[in-house]
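>>> Have a look at this prediction, sequence included:
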Amino acid sequence: MSWITANRLVFLIVALASTLFLGAWWYTSDVSETAILLATICGCTVIIGLLIYAFSWYYLVLIGLIPLSLDAMIGGGAKLSLPSEGLLVLAIPVLLFFNKSYAKGIARAMKHPISRIIGLLFIIELFSALLSSHIDVSLKRLAIQLIFTFGFFMVLQMTETKKWLITPFLAYAIGLIPVMYFTLKNHIHVNFQPQGVFSICQPYFNDHTIYGACLAFIIPLLIILVFQNKVMHLSNRQKIGLGILLFVISVSEVLALSRASLLSLIVALLFYGLLRYKVSFKWLIAGLLTLIFGVWSFSDAIYASVEKNEAVSNDGELVNHFSSVVNVKNDASNLERINRWICAYRMFEDRPWLGFGPGTYQFEYNRYQTVANKTYISTNTGDRGNAHSEYLAFLSETGIMGFIGFVTLMLASLYYGMQNHYRIADPFLKRLNLGVLLGLITYYFHAVFNSFLDQNKMAFLVYASLGVIVWINLTLRNGSEKTVQESS
């Protein structure tokens, strides 16, 4: 009797498992269906257990699944990227109502200007959504953005140790491994022909542009981890593993043949050069304004020069694929992008203050197309992408108010990211800040040519990077850098 009493937990588990198996067998009367049902029940049990008792692991699993998640319709025309967004939707109510650290993190984060700008941008988008031409679409888009903010930006404010800040990015990078393997197999299947890159990463990524953009975003951080491994407190084994991962991601970036993504890495390298020379934020803005004014002033001469370029991106020639980036004469991809930009601007002219509502571009732009601007890849159904520019998407969907809000958020992240880089003494936080700041630079450049913030594969990288900058800046402002350094 004493032996049974001492092992009553084992008996309880065996009894519960037996009952569960018999119940599943009685319900399905089939071996394979019973196995699937039991696996589902056990999986849900593990997920709930992690959510309640080990949220850090739950969150890392969630982030690691983002690159592997697939879009699924959930009714009413809405869709979620499952399983990652499903896990995120499940986690947020638990965090809001039962996690004191999360509430403290939100209260802490809202003291920072970047958090307030994000909040103000949501208010603008809410008014835009309420006056939207498709209010259901806009409210769904706004809900998704709120989920991303609470799930990617605010969660990082919970952490009390600096080392954990980097862990979600590593989980995301590891989650890319199966996708890169799958994509490489597709590359081999099409014999590495440039024409095949457009859909090689489907169904995990919609096309090669967002795939390349996400790879480019993570590369600067991985470079810092590998080449500054001692500062980042990594063992030799970890350095080797991350070095292999960096190599695979870099090769995958090149094979993705995303012109904007590769250019974004060059821009990030140039920005790093400015940081090395300690260029201040005001001089950065002055340089950007000068560049914009120069391009605007000499636009006719620039157009006349690039008009001579007749290389196209889909003729199977690798050299032409990259040199076609400035072909505005007969490259369908570039001409279609210009067509979408013109449509976005015309939409802005019709609704200049609050736009047509978040997520409405694809439903409205068709009537703003003209025969002169349409190409053979143009569509009247809005099923091939969006405004092809994050900035113009905000301008057309949320008007000048939303556009100013987004640009203000971008500039604020650069300002505080640069402030962190110049002022913080902790070498770990300094390099982590540099990694996410350079990642954001790749996104801000790529946002000129594409719009990806509504997709969780890019949204995590952007919001989490903003979260890291805010966390580090609050640590710097509170004078608690030394305390953090000693306790982590």
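Received the coordinates, thanks.
>>> domains of this protein?
The chain breaks down into these domains under automatic domain parsing: 2-101, 103-288+388-487.
>>> want to throw those domains into JSON lines with mean neighbour count and mean pLDDT?
Backbone N, C-alpha and C define where each C-beta goes, glycine included. Formatted as JSON lines, the domains of the chain follow (neighbours: other CB atoms under 10 Å; pLDDT from 0 to 100):
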{"stretch": "domain 2-101", "mean neighbour count": "14", "mean pLDDT": "74"}
{"stretch": "domain 103-288+388-487", "mean neighbour count": "19", "mean pLDDT": "93"}
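>>> Tabulate those domains (JSON lines), appending distance to residue 295.
As requested, those are exported to JSON lines (distance: least, CB to CB, whole Å):
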{"stretch": "domain 2-101", "distance to residue 295": "35"}
{"stretch": "domain 103-288+388-487", "distance to residue 295": "11"}
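>>> quick one, phi psi at residue 376?
With angles defined as degrees, to the nearest 10, residue 376 sits at phi -70, psi -10.
>>> roughly how far apart are it and residue 337?
According to CB to CB, to the nearest Å, residue 376 stands 14 Å off from residue 337.
>>> Of the two, which one has the most company?
It is residue 337, of residue 376 and residue 337, that has more neighbours when counted by other CB atoms under 10 Å, with 21 against 7.
>>> Can you tell me the SS state at the closest residue to residue 280 other than its chain neighbours?
Among residues not flanking residue 280 along the chain, residue 418 sits closest, at 7.7 Å (CB to CB, 6 or more residues apart in numbering). When classified by DSSP: H, G, I helix; E, B strand; the rest coil, residue 418 comes out as helix.
>>> my read: residue 418 touches residue 271, true?
No: using CB atoms under 8 Å as the test, residue 418 is too far from residue 271 to be in contact (9.6 Å).
>>> quick one, what contacts residue 258?
The contact partners of residue 258, taken as CB atoms under 8 Å, 6 or more residues apart in numbering, are 208, 209, 211, 212, 213, 216.
>>> Switch those over to a markdown table; also include distance to residue 454 and secondary structure.
Listed next are those as a markdown table, based on distance: CB to CB, whole Å; DSSP: H, G, I helix; E, B strand; the rest coil:
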| residue | distance to residue 454 | secondary structure |
| --- | --- | --- |
| 208 | 18 | helix |
| 209 | 14 | helix |
| 211 | 16 | helix |
| 212 | 18 | helix |
| 213 | 13 | helix |
| 216 | 19 | helix |
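>>> For those, give me TSV that also has distance to residue 431.
Formatted as TSV, those follow (distance: CB to CB, whole Å):
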residue	distance to residue 431
208	30
209	29
211	26
212	24
213	23
216	19
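>>> of those, closest to residue 436?
Minimum distance to residue 436 across those is 13.3 Å, recorded for residue 216 (CB to CB).
>>> Just give me how far stretch 220-238 sits from the chain centre.
From the chain centre to the centre of stretch 220-238 is a distance of 22 Å (CA atoms, centre = their mean, to the nearest Å).
>>> and it, C-alpha only, in CSV?
What follows is stretch 220-238, C-alpha atoms only, in CSV (Å, rounded to 0.1, in the frame of the first residue of the first chain):
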residue,chain,number,x,y,z
PRO,A,220,23.0,42.5,-40.0
LEU,A,221,22.1,41.1,-36.6
LEU,A,222,23.6,37.7,-37.4
ILE,A,223,26.8,39.3,-38.7
ILE,A,224,27.2,41.1,-35.4
LEU,A,225,26.5,37.9,-33.4
VAL,A,226,29.1,35.9,-35.4
PHE,A,227,31.9,38.5,-35.6
GLN,A,228,31.3,40.0,-32.1
ASN,A,229,30.6,36.6,-30.4
LYS,A,230,32.7,37.4,-27.3
VAL,A,231,30.9,40.7,-26.7
MET,A,232,27.6,38.9,-27.3
HIS,A,233,28.5,36.2,-24.8
LEU,A,234,28.4,33.3,-27.2
SER,A,235,30.4,30.1,-26.9
ASN,A,236,32.5,28.8,-29.8
ARG,A,237,29.9,26.2,-30.5
GLN,A,238,27.2,28.8,-30.8
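>>> ok, residues contacting that stretch?
The contact list for stretch 220-238 (CB under 8 Å, 6+ apart) reads 163, 166, 169, 173, 239, 242-243, 245-246, 249, 265, 268, 272, 427-428, 431-432, 434-436, 438-439, 442.
>>> which residues touch residue 422?
Counting by CB under 8 Å, 6+ apart, residue 422 makes contact with residue 278.
>>> quick one: residue 167 and residue 60 touch, right?
Yes: Residue 167 is in contact with residue 60 according to CB under 8 Å; the separation is 6.3 Å.
>>> ok, the residue nearest to residue 280 to residue 281 distance?
Applying CB to CB, the value for residue 418 to residue 281 is 5 Å.
>>> End to end on stretch 349-363, go ahead and measure it.
Across stretch 349-363, the terminal residues are separated by 17 Å (CA to CA, to the nearest Å).
>>> Quick one: mean pLDDT for it?
Stretch 349-363 comes out with an average pLDDT of 95.
>>> Surely residue 210 and residue 449 touch.
No: the pair residue 210 / residue 449 is not scored as a contact, 11.4 Å apart, by CB under 8 Å.
>>> Is residue 275 in contact with residue 417, as I believe?
No: applying CB under 8 Å as the test, residue 275 and residue 417 come out as separate, 9.5 Å apart.
>>> which non-adjacent residue is nearest residue 447?
residue 390 (3.5 Å).
>>> actually residue 274, not the one I wrote
Going by CB to CB, 6+ apart, residue 274 has residue 284 as its nearest residue, at 6.6 Å.
>>> Show me which pair in the contacts of residue 258 is furthest apart.
For the contacts of residue 258, with distances taken as CB to CB, the pair at the greatest spread is 208 and 216 (11.9 Å).
>>> ok, and the closest non-adjacent residue to residue 137?
Closest residue to residue 137 apart from its sequence neighbours, by CB to CB, 6+ apart: residue 359 at 4.7 Å.
>>> got the contact list for the one you found?
Taking CB under 8 Å, 6+ apart, we find residue 359 in contact with 134, 137, 138, 140, 141, 397, 454.
>>> just checking, residue 61 touches residue 51?
No: the pair residue 61 / residue 51 is not scored as a contact, 10.0 Å apart, by CB under 8 Å.
>>> how about residue 81, secondary structure?
Recorded secondary structure, residue 81: strand (three-state DSSP).
>>> My read is that it contacts residue 67, right?
No: the pair residue 81 / residue 67 is not scored as a contact, 10.2 Å apart, by CB under 8 Å.
>>> what sits in contact with each of these two?
Counting by CB under 8 Å, 6+ apart, the common neighbours of residue 81 and residue 67 are residue 457.
>>> before we move on, the earlier item: I'd like to know which of the domains of the chain lies nearest to residue 298.
domain 103-288+388-487 (16.2 Å).
>>> centre of the chain versus the closest one, how much separation?
On the basis of CA atoms, centre = their mean, domain 103-288+388-487 sits 6 Å off its chain's mean C-alpha point.
>>> closest one to residue 348 among the domains of the chain?
In terms of CB to CB, the element of the domains of the chain nearest to residue 348 is domain 103-288+388-487, at 4.8 Å.
>>> thought residue 358 was touching residue 396?
No: judged on CB under 8 Å, residue 358 makes no contact with residue 396 at a distance of 10.5 Å.
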